[in-house]
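A.B. asks: fold the stuff below for me.
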Amino acid sequence: MENKRKYLFVTVIALFIVSFYTINLRFDPFYRVNGINNDNRMIIEKYLSKEEQKYLVENRIPLYHFMKFIKYDDFYLPYYQYYELLEKTGRYDNIKIILSTGNELAGKLLDSFKNNAYDQAKKLVEHDLESGYLYNQNFDFDKLEIYYEMRPLYDDYSYVDDTEYYIELLKNRGLSDKLIRSFFTDACNNYSRYGLTTLMTQANNHEIFLIADPSSLLTTINDTSYIGAYVPHNLVLMSDIHRLKYAMYLENDAYEALKKMVEAMPDDIAEDFYVKEAYESFNDFQYSNPALAGKDERQLGRTVSIASKSIAYQTFETSALSQWLEAHSYEYGFILRYPKRMASSTNHVYDSHYYRYVGKKTANKIYKENSCIEEYIQKEAVK
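C.D. replies: Now for the predicted structure:
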């Protein structure tokens, strides 16, 4: 008898729960919406259409996702995820712009991608591409990975047209799709928008090699290669070193190594030392010697021309300073850039003044092999 009572009690409780749940579903469709209360229920019923209310209930969307938008005329509940995406970027001044942009974005993507529209929106918004997609008719989803690289260089959406143009130029040079993507990755990591623009001015000249990654320690430049208006990322003002003029710059690693080398020199040699030339910009060359703009290694920020205070520039080779440098510069990551009897490899006559920073490990190998950068690169390529 007692077991029957327990069974009856459990049955009554279960029936009550089911009845309560059914009644709430029938009379309170928002019952299972996360965050609902009497105040929010009134707002929902006031601002959401019947269609949107149904969408809310069926998808059980927590209220915190959209309540900040709900009172605006342009708000449309099924697009709430697009609004959230845009808001989180911090790129939009107010909610009205978020809503209008979100509506345009959702509408256009849904037309093209249907159920995959939101995933495509995430790709666009994460990389700040939504304006280019919405307002430039040449936007091409097949070029999305290249847009990822190009976009940070621009403050507008003209990157779309430039990408199209640059790809055409590179295809005309015979580059495969894989090499084109690699080119953009390297170039966009190294160049400013202006630098890349100047680099691509030589794209139609198939006799000129476009250097996409000038930041490499072993980058070499000659008459058949080009770096446009490249500017090293880590240029620093030289100080605590004797130099021809105050405002002279080097790439940071080269500068730090140069300081250590000068500190290691015997006092009389260090006193005789000064830097005659260091980093030169593309614009500097355009003013002083346009033929060298984009085609001179001084623009890399890792080359110095060293001179003696006590001996004429033309006879620097005979100085104690020059002899010390030839014997010890490799210990600090520098090599004589244009050694004797190597003009056929360097495409440059011997010059005792120019030293190039390549890092200690490489400098040590080049010195011990009595070689130059070009020969070292060739040997490494066949290993």
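A.B. asks: ranges for the helices of the stretch 201-350 of the chain?
C.D. replies: All helices of the stretch 201-350 of the chain, identified by DSSP state H, counting those that start in this stretch, fall at 252-264, 267-272, 282-288, 320-328, 343-346.
A.B. asks: mind giving me the packing neighbours of the second one?
C.D. replies: Going back to what we said before, that points to helix 267-272. On a contact count with 3 or more Cβ pairs under 8 Å, 6 or more residues apart in numbering; DSSP states H and E, helix 267-272 meets helix 320-328. In this view, the C-beta of every residue, glycine as well, is placed from N, C-alpha and C.
A.B. asks: okay, now the domains of the chain?
C.D. replies: Under the assignment automatic domain parsing, the domains of the chain span 1-28, 32-124, 141-200, 226-381.
A.B. asks: need those in JSON lines with distance to residue 135, can you?
C.D. replies: Below are the domains of the chain laid out as JSON lines (distance: least, Cβ to Cβ, whole Å):
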{"stretch": "domain 1-28", "distance to residue 135": "44"}
{"stretch": "domain 32-124", "distance to residue 135": "9"}
{"stretch": "domain 141-200", "distance to residue 135": "6"}
{"stretch": "domain 226-381", "distance to residue 135": "28"}
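A.B. asks: how about the ones you listed in a markdown table, adding distance to residue 130 and mean pLDDT?
C.D. replies: Output for the domains of the chain, formatted as a markdown table (distance: least, Cβ to Cβ, whole Å; pLDDT from 0 to 100):
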| stretch | distance to residue 130 | mean pLDDT |
| --- | --- | --- |
| domain 1-28 | 38 | 52 |
| domain 32-124 | 5 | 94 |
| domain 141-200 | 9 | 97 |
| domain 226-381 | 28 | 96 |
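A.B. asks: to residue 215, which of those domains lies closest?
C.D. replies: Nearest of the domains of the chain to residue 215, taken as Cβ to Cβ: domain 141-200 at 5.3 Å.
A.B. asks: can you give me the end-to-end span of the closest one?
C.D. replies: For domain 141-200, the first and last residues are 23 Å from each other (Cα to Cα, to the nearest Å).
A.B. asks: can you check stretch 219-231 too?
C.D. replies: End to end - Cα to Cα - stretch 219-231 spans 14 Å.
A.B. asks: quick one: contacts of it?
C.D. replies: For stretch 219-231, the surrounding residues in contact (Cβ atoms under 8 Å, 6 or more residues apart in numbering) are 190-192, 194-202, 207-211, 213-214, 281-283, 293-297, 299-300, 347-348, 373-374, 377.
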